[in-house]
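In: just coords:
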């Protein structure tokens, strides 16, 4: 008699909110017309590296996964499943965007098309690995259905370059910080996926470097007053989203032995410093009001979640939430108005 594992239940994806990972589409015609000549040498070198596919044998489950995970239960189990789902949707979102860019650019910009094809390959691996991890907890996402039912947000290609660059670099810092922490505290490594994070984060880093080259190939994205304003906006948007979501899931980070606030600060500071190599400005994270205002926004967001989970009528919920939403917007505006650091002026200097 052959024993077979029970088929995992198909999980209904979490409700889409402002903070959940989104699916994107863009202006493929404009993307095809991008002049990449200023960064052609760098992009060719990166394409050669991507063809090497250093991680092609990395995402293979070993015997450490072959056990029951029923001992991870209660809030810790739910928090980890939410982490896996959010990560899987985020990686799959990147796969869909890169795959479509590769398909649409194949005959117009073959080098760029192949780069996107290689990045789509990586993102598909990541999403599949995360979905298999969810199956260990008897749940799985039907990514085919998610593709058809998820809302797609249109971003101009310029916004895609800004946001995907930041997404990849913040992903790198998240993975490597967790990996290094668990190296020092193996007693908190409650599931084997974390052992894969060191090589995994190098995929994120390579993708980020590709988007840096794409961004720097377009002077209008870094040498104009508009580009400075957009850079500040996207940096703040990504950091605010990170701060709010990390504090929403503080229980997950606690299970890893991490303090959510300290983890968030470390990720934001490192990502901001890294972004200074690509963006014309970076945010002044050392300003005494920077992190306190971000953390204040996280507190307001938790109160909004409490109200949303109450049994009050929708109108009452809205009335109670409005002052908190206004407070978040106000604090983010005050952070935005903090004088940024001019990275172009620092370019070429030892930092």
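Out: That came through, no problem. Remember, predicted model here, so these are calculated numbers, not experimental data.
In: The lengthiest helix in the chain - contacts with which helices or strands?
Out: In terms of residue count, the longest helix belonging to the chain (DSSP state H) is helix 74-105. Packing contacts for helix 74-105, counted by 3 or more CB pairs under 8 Å, 6 or more residues apart in numbering; DSSP states H and E, involve strand 23-25, helix 28-32, helix 110-135, helix 143-149, helix 157-184, helix 250-255. Where C-beta positions appear, they are placed from N, C-alpha and C, glycine not excepted.
In: mind listing what's buried in it?
Out: Buried positions in helix 74-105, judged by neighbour count with 16 or more other CB atoms under 10 Å: 79-81, 83-102, 104-105.
In: closest to residue 315 out of the helices and strands packed on helix 74-105?
Out: Closest to residue 315 of these is helix 143-149 (CB to CB; 28.4 Å).
In: gap between that closest one and the chain center?
Out: What separates the centre of helix 143-149 from the centre of its chain is 20 Å, taken as CA atoms, centre = their mean, to the nearest Å.
In: Quick check: mean pLDDT of that helix?
Out: Mean pLDDT, taken over the full extent of helix 143-149, equals 87.
In: Need the residues that contact that helix.
Out: With CB atoms under 8 Å, 6 or more residues apart in numbering as the contact definition, helix 143-149 has outside contacts at 13, 88, 89, 92, 96, 127, 131.
In: Ramachandran coordinates for residue 283?
Out: phi -80, psi 150 (degrees, to the nearest 10).
In: Tabulate the contacts of helix 143-149 (CSV), appending pLDDT and distance to residue 345.
Out: Written out in CSV, the entries for those read as follows (pLDDT from 0 to 100; distance: CB to CB, whole Å):
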residue, pLDDT, distance to residue 345
13, 67, 45
88, 94, 41
89, 93, 39
92, 94, 39
96, 96, 38
127, 95, 40
131, 94, 45
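In: Closest to residue 297 out of those residues?
Out: With CB to CB as the yardstick, the closest approach to residue 297 among the contacts of helix 143-149 comes from residue 89, at 22.9 Å.
In: and the angle from the longest helix of the chain to helix 157-184?
Out: Between helix 74-105 and helix 157-184, the angle formed by their directions is 140 degrees, by axes from the mean of the first three to the mean of the last three CA atoms, to 10 degrees.
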